[in-house]
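>>> Can you look at this prediction? I've put the sequence above it.
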Amino acid sequence: MSAKNNHINYIELKAKNLERIKAFYTEAFGWTFTDYGSGYTAFADSGLDGGFQLTDEDIVNGGLVVLYHKDLEAIKDKVIACGGKISVDIFSFPGGRRFHFLDPSGNELAIWSEPEAE
């Protein structure tokens with residue numbers, strides 16, 4: 001697959017502790033990592049490649065990364081079990097449902113799924 005102009009190709013986030021952030025995403029979602037020196041790790045197997053840059057500064061997200069999972073309740077439980085904190089509980093929106101969580105470094109992400117069957 002080749003990259004296309006104007007499509008999201010990579011996401012870069014910050015982390016205060018690279019070992020902790022790698023353990024969280026490996027355990028919760030099965031992502032794999034490649035370290036590039038002591039201050040950067042790239043991730044794969046997430047649907048979109050990206051990386052975490054080590055920082056001592058406060059982390060403030062400028063965007064929201066949204067993941068997909070077919071079983072929203074099960075992945076919410078797993079996120080919590082792996083050390084994530086729910087910042088916005090499950091809610092419905094046109095076309096689906098989602099929740100937001102904070103990873104161990106304070107990055108806010110969301111996970112969505114289709115609407116519940118009626």
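That came through fine. Numbering: from 1, shown residues only.
>>> Is residue 25 in contact with residue 44, as I believe?
No. If you go by CB atoms under 8 Å, residue 25 and residue 44 don't touch, sitting 10.7 Å apart. All C-beta atoms are positioned from the backbone trio N, CA, C, and that covers glycine.
>>> Tell me which of those two has more neighbours.
When residue 25 and residue 44 are compared for neighbours, residue 25 comes out ahead with 23 against 13, by other CB atoms under 10 Å.
>>> in a strand, that's where the more buried one is, yeah?
No. Membership of residue 25 in a strand is not supported by DSSP: H, G, I helix; E, B strand; the rest coil, which gives helix.
>>> so how far is residue 4 from it?
Taking CB to CB, to the nearest Å as the criterion, residue 25 is separated from residue 4 by 25 Å.
>>> Parallel or antiparallel, which strands does the longest strand along the chain pair with?
Of all the segments assigned as strand in the chain under DSSP state E, the longest by residue count is strand 85-93. Next to strand 85-93 in the sheet, as set by DSSP bridges, lie strand 96-102 (antiparallel).
>>> What average pLDDT does the strand it pairs with get?
For strand 96-102, the mean per-residue pLDDT is 95.
>>> The following helix or strand past it packs against which elements?
Using DSSP states H and E, the helix or strand that follows strand 96-102 in sequence is strand 108-113. Contact here means 3 or more CB pairs under 8 Å, 6 or more residues apart in numbering; DSSP states H and E; on that basis strand 108-113 packs against strand 65-68, helix 72-81, strand 96-102.
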